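1. Here's my sequence, what's the structure:
(3 chains)
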Amino acid sequence: MSPSPASEAPAMNPRSYLTEPATGFRSWALTRDHKRIGVMFLVATTIAFALGGVFAMLIRIELLTPGPTIMDAMTYNRLFTLHGVVMIFLFMIPAIPSGFGNFLLPIMLGAKDVAFPRLNLLSFYVYLLGATVALYGMIHGGADTGWTFYTPYSTTTVTKVVPILLGAFILGFSSILTGLNFIVTTHTMRAKGIGWMRLPLFVWAIYATSIIQILATPVLGMTLLLVAVENAFHWGIFDPARGGDPVLFQHFFWFYSHPAVYIMILPAMAVISEVVCAFARKNIFGYKAVAYSSLGIAFVGFFTWGHHLFTSGQSAFDAGIFGVLSMFVGIFTAIKVFNWTATLYRGSISFKAPFAYFVGFLFFLVFGGMTGVALATVSLDVHWQDTYFVVAHFHFIMVGGVIMAFLAALHYWFPKITGRTYPEGWALVAATLVILGFNFTFIPQFLLGNEGMPRRYFSYPERFWALNVASTAGASVLAFGLVLVLGYMLISLRWGKVAGANPWGSRGYEWETPSPPPVENFEGTPVFTRGPHEYDEEAVASPAHVNAVPEPKHAS
Amino acid sequence: MNDLLRRLLFLPEQASAHARSVDQLHFFVIVTTMIAATGVFGTALYFFVRYRRRSEADVTPVVKPTAIHEALFIGVPLAFFLLWFAIGYPQYVSLSQPPPGAMDVYVQGKKWMWKFAYPGGPSSVDTLRVPAGRPVRLLITSRDVIHSFFVPALRLKQDALPGRYTQTWFQADKPGRYEIFCAEYCGLAHSGMLGELVVLPASEFDDWVADQRRGLAQAQDSAPSPGEPVRPASSVVEEGRRLSAEQGCLKCHSVDGSRHIGPTWVDLYHRQERLKGGRIIDADEGYLTRSMMDPGADIVEGYQNVMPTYQGKLAPPEAAAIVEYIKSLRTSAVPSGPSEGPVYEPIPRK
Amino acid sequence: MQASPLAHHFESLEKQTHAARLGMWLFLATEVLLFTALFAAYGVYRFLYPEGFAQASRSIETWIGFVNTLILVTSSFTVAMGLDAATRGNGRRTALLFAVSVLLALAFLGLKAVEYSHHFQEGQLPGRFYTFEGVQAPGASLFFALYFLITGLHAIHVIIGMTVLIVIGTRAGLGAYSAEYHVPVELAGLYWHLVDLIWIFVFPLIYLI
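-> Next up is the predicted model:
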């Protein structure tokens, strides 16, 4: 199907995955359609994000005054732990890969589904199970260890850590299953004409993410299990009184958790590559560099975990190795930033909401990334470690990077997923609020870190007061912007204007099928003759794929 | 210039040469970042305007990068990153190489206080006194969970690990008072684990140490030396009260009957305490003293084994003073009704 | 049982088989990494407490470990023979050979149970439960903490493997597979070989050095 020209009135696809093969709870609960599973993940992770956001607002309100404001210390300690656990394990890790990845990956490969559809459904139920176990732990008091569970505090604290550890362990399996599915799908289910050098850049980054998911998550699983065993039975694995080494936990934990941050940012970069090409209506500048840099981040990212241990009493030699390697990881991000910016050169830029979020993303990734490099210059980290500087750095990447990309994805693919459009005016207003609010929330935190305010502080000396108030004010604006997005998105689900197959005029493969897509994604078996981001005169003359004769049905 | 940037970035004062050099690197990194960011955003902004979409039928040329592009995109950032590492790493290494002759101070972090001890000299809680202009080596450990000794003004931080000593060192330039924070989450009162670094002029510091050592020596002796007033019995309780506050006992034991981290001291003397494991003991002088020296031996049911030992930290007369203080903490034994005859306390059987 | 094993979303049986194999190998990689974490912990603590670990290792009964190794290797062999039978379309022979493997695995678990009961009696237990008089060097209780974790996790995987063999073996016996299509048998075999391979690493680490 060609990109819809402006003259036709757009029509909703009457035979989309939303209504076929059936509607009703059972057909969704037992679905094997990757699109439905993707939507369910999006809904679940968005709810988790809202929960984590509520925790964040409560934290910021508490920090409005130097002493107790609305809660006591124990509650506060539990809240920041839960904020971290919910945001990271229930939202950041699964949202873009299991949500958008599930929906788009097979379509972008010209396939009918992922390699293992039943495993895909299983990954969703495992996610729900893990979330439930973690929620149970939260309701019954919740841990107060911070999401990093450092021993020996986490093995000796009176709060209940084990349910949350088990919840995270189970969630890890969901992550592994998704990663496994995506790798096999990318290797074995590409349609004819889609070689590795014609893969959409979204696929490259999701593929790199999946590699990290399957290699790093088992180590986290084992580590969390060891902490749970130690907490329950005190076998001495991390207890110095019994010969154990508490810093060993830190090595194990960060061996996963550093690659984990790349699990979070790579899918965001995946989205941005797609959005930049579509809204600048231009071929990416340096396809190979952008594609390979995703693999580079995944690979080098495994060797940098020690930069979380610069002040943990490790040898200077260790610190040197990890510091240098951390510098190299920053280079791959720099390549992407330069290439995305260069893509705009001689492009045709349309400043819609997804592009607005790209602008925010660019701004925040540059500063978030540079402060990451700054943290890796070992001596600076001695001052900044465990202060609000680090908090600001990772929020710049996770909120400024991942959330911007998530919102960009939400707006860009909303027509594809639902067949409707959202109100562009409101979207730009919300984007402005989100970007401005974000700045006012986290730039003060860089300065607080410079001043020396440590993280996870319930009360603080008065000289930190003004910046904390500024940060909370910004957070309120950010929260308001996000609520606004939720509001008009929900309304558009029901009352949005019908979008038609390709309202953006994008050349991505997924736009060459109706919106919302049919169950089988394409009519018949597609054969691709062009790359996915080609906007030159010759390329736009025809669609990127042709449909082979539909194949006869066979038993499944 | 240094001071302008320091204030702009909200950095605390620079209390040592190390802090100054670290800040120099900081400024280098931040200025470069700002310039690079301005470059990127400026370019992007220019592109947004110059290449805005004119019509829905726009097509764009294919622009391929040349080798020089990728070389620059990779080479320039890498050069800066490695340069910053080359400046910062030696600074870090120098923190692990205290100069010979540095004065040692033992630092012990525990929930939720800092204890400092000078070899052969005094010890203190939460206040670290050091001489200006002389190198000081810190030997840091923890009594329970991981803490982190952080002095922002020195740009100094080192984790306090249980079961191990970590070390770092500093040389404060001039007299002053600086904040000490705990920078590794350690539980309920993590944000209350504050200390103060007091940098004294070198001669003043020497005098203070000498004074302290004299006072300690006196406290070790059981008999008062000539010229020193004999302590009247009534002020032993007062002495005990003072010591309990100084030694940090009152951070965990309340004197008003409320339950805190440790059992309350009100009516503790001769209380029939139920221990972990079910045994019931009488909290007499022996038990109270034992609890100070070997707290893990007989733990009261319902409490955690978190009390540190005061073996070697309290001279026997000091421990006795605390016991006397505890004995003095009783709720009123006078009932409000009619008198019921004399109150008789039998001598407790062993 | 079905007209064709080809799933609707795959172009051809060949692609489907390739995908199934790739998926299994990736899954095996995750299992290896799970154990790697434990082996890494073992390595670190062995380095820190060489004497304690060596003494503790000598104090456990090597012959049980040795017999168990023989049992597992034999069971891998019977599984491989079962796959061979499947490639010839002989489902019943596959079922029989898989049943033998399951019985061998049961013997393995039985011997492990005997071994564990000895440890309980002797007081060779982790952490604060350690009361074994024979070895009092530092690190001994850590050795047993890791011993129970590693062998316990492995035993769980033996049970999972047995379940897989029972299910696939039964289906093979009922004629679900043929000489043309027997991929599930192949995958089951792969998983069992991994379980065996992990033990090949565990045995020298725990019993021999």
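
2. Need the pLDDT of residue B:334.
-> pLDDT, residue B:334: 44.

3. Provide a list of residues in contact with the closest residue to residue A:282 other than its chain neighbours.
-> Nearest non-adjacent residue to residue A:282, counting by Cβ to Cβ, 6 or more residues apart in numbering or on different chains: residue A:347, 3.7 Å away. Any C-beta I mention is one placed from the backbone N, CA and C, and that applies to glycine too. Going by Cβ atoms under 8 Å, 6 or more residues apart in numbering or on different chains, residue A:347 touches A:280-282, B:47, B:51, B:60.

4. List the buried residues for stretch C:63-75?
-> Residues of stretch C:63-75 classed as buried: C:65, C:68-69, C:71-72, C:74-75 (neighbour count, 16 or more other Cβ atoms under 10 Å in any protein chain shown).

5. actually stretch C:17-33, not the one I typed
-> Those buried within stretch C:17-33 under the rule 16+ other Cβ under 10 Å are C:17-24, C:26-33.

6. do the same with stretch B:49-59
-> Under the neighbour-count criterion of 16+ other Cβ under 10 Å, stretch B:49-59 has B:51, B:53, B:58 buried.

7. does any bit of that stretch sit next to chain A?
-> Yes. Residues of stretch B:49-59 contacting chain A under Cβ under 8 Å from any Cβ of the partner chain: B:51-54, B:56, B:58-59.

8. Can I get stretch A:90-98 in PDB, CA atoms only?
-> What follows is stretch A:90-98, C-alpha atoms only, in PDB (Å, rounded to 0.1, in the frame of the first residue of the first chain):
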ATOM      1  CA  LEU A  90       8.500  -2.500  36.000                       C
ATOM      2  CA  PHE A  91       8.800   0.300  33.500                       C
ATOM      3  CA  MET A  92      12.300   1.200  32.100                       C
ATOM      4  CA  ILE A  93      13.500  -2.200  31.200                       C
ATOM      5  CA  PRO A  94      10.300  -3.600  29.600                       C
ATOM      6  CA  ALA A  95       8.400  -0.500  28.300                       C
ATOM      7  CA  ILE A  96      10.000   0.200  24.900                       C
ATOM      8  CA  PRO A  97      11.200  -3.300  24.000                       C
ATOM      9  CA  SER A  98       8.300  -5.400  25.200                       C
END
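
9. any idea of the mean pLDDT in it?
-> Rounded mean pLDDT across stretch A:90-98 is 96.

10. With stretch C:77-92 instead?
-> In this model, stretch C:77-92 has an average pLDDT of 94.

11. re the thing from before, could you point out which of the buried residues of stretch B:49-59 is nearest to chain C?
-> Distance to chain C across the buried residues of stretch B:49-59 (Cβ to the nearest Cβ) is lowest for residue B:58, with 37.0 Å.

12. So what's the residue count around the residue in the stretch 251-350 of chain B that chain C sits nearest to?
-> Chain C sits closest to residue B:305 of the stretch 251-350 of chain B, with a gap of 12.3 Å, by Cβ to the nearest Cβ. By other Cβ atoms under 10 Å in any protein chain shown, the residues close to residue B:305 number 11.

13. Go ahead and confirm it touches residue B:296.
-> Yes. With contacts counted by Cβ atoms under 8 Å, residue B:305 reaches residue B:296, the gap being 5.2 Å.

14. Please give the element, helix or strand, for residue A:122.
-> helix A:117-139 (DSSP states H and E).

15. cool, residue B:305 as well?
-> Assigned by DSSP H and E, residue B:305 belongs to neither a helix nor a strand.

16. residue ranges for the helices of chain C, please.
-> Ranges of helices within chain C are C:13-48, C:50-59, C:62-87, C:91-122, C:140-173, C:183-203, based on DSSP state H.

17. Dump those into a markdown table; add distance to residue B:43 as well.
-> As requested, those are arranged in a markdown table below (distance: least, Cβ to Cβ, whole Å):
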| stretch | distance to residue B:43 |
| --- | --- |
| helix C:13-48 | 41 |
| helix C:50-59 | 59 |
| helix C:62-87 | 61 |
| helix C:91-122 | 65 |
| helix C:140-173 | 54 |
| helix C:183-203 | 52 |
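
18. Rank the helices and strands of chain B by mean pLDDT and give me the bottom one.
-> With mean pLDDT, DSSP states H and E as the measure, the helix or strand of chain B carrying the lowest mean pLDDT is helix B:234-246 (a mean of 77).

19. Following the chain onward from that helix, which element is next?
-> Next in sequence after helix B:234-246, counting helices and strands by DSSP H and E, comes strand B:272-274.

20. got the residues of chain C near chain B?
-> Counting by Cβ under 8 Å from any Cβ, chain C has no residue next to chain B.

21. what about chain C, any weak spots by pLDDT?
-> Along chain C, segments meeting pLDDT under 70 span C:1-4.

22. which element is residue B:179 on?
-> In this assignment (DSSP H and E), residue B:179 forms part of strand B:176-182.

23. Mind checking what helix or strand follows that strand in sequence?
-> strand B:195-200.

24. Do any residues in that following strand lie close to chain A?
-> No. Strand B:195-200 is not in contact with chain A by Cβ under 8 Å from any Cβ; minimum separation 11.4 Å.

25. follow-up on the earlier one: mind listing what's buried in the strand holding residue B:179?
-> For strand B:176-182, by 16+ other Cβ under 10 Å, it's B:178-182.
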